[in-house]
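Participant: Here is a sequence together with a model predicted from it:
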Amino acid sequence: MSDYFTYDQRLKIKVPQLTKSWTAYNLQTQNKILTEWERIRGSIPDRIGELEAEINNKQEALNIEEDFNRSCELNHEISELASIINDLWIWFRTTQRISNAKIHN
């Protein structure tokens with residue numbers, strides 16, 4: 001499956017990296033890719049939960065932080081974590097489109 005997925009260091013999950021259009025893959029390969037993606041996709045809500053916990057910790061630190069520069073750093077870190085969560089939700093929903101397209105073909 002390493003031919004079809006690559007590890008995204010920022011998201012800390014493997015994401016699809018297909019070199020051809022979906023329909024160019026035979027049915028057996030499509031099924032293998034979808035099975036692996038569903039396994040990965042199932043881990044996304046847990047990953048989001050981890051990031052939300054990190055955000056909560058940083059917000060608590062921000063609430064008591066008195067140093068302006070450190071407050072700016074914490075805000076930036078919170079923003080980056082929120083961006084990662086947004087990207088993970090996009091990947092989570094991407095499969096629904098692939099699966100639906102496959103079902104309708």
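Facilitator: All right, it came through fine. Numbers count the residues shown, from 1 in each chain.

Participant: low pLDDT regions in the chain?
Facilitator: Across the chain, the ranges flagged by pLDDT under 70 are 1, 95-105.

Participant: do that again at 50, thanks
Facilitator: Low-confidence segments of the chain (pLDDT under 50): 100-101, 103-105.

Participant: name the element the residue of it most remote from its centre belongs to?
Facilitator: Largest separation from the mean C-alpha position in the chain: Glu66, at 33.1 Å (Cα atoms, centre = their mean). Here Glu66 sits in a region with no helix or strand, counting by DSSP states H and E.

Participant: Which residue, other than its chain neighbours, is closest to Glu65?
Facilitator: Excluding its sequence neighbours, the residue lying closest to Glu65 (Cβ to Cβ, 6 or more residues apart in numbering) is Ser71, at 4.9 Å. Any C-beta I mention is one placed from the backbone N, CA and C, and that applies to glycine too.

Participant: This completes my enquiry, with thanks.
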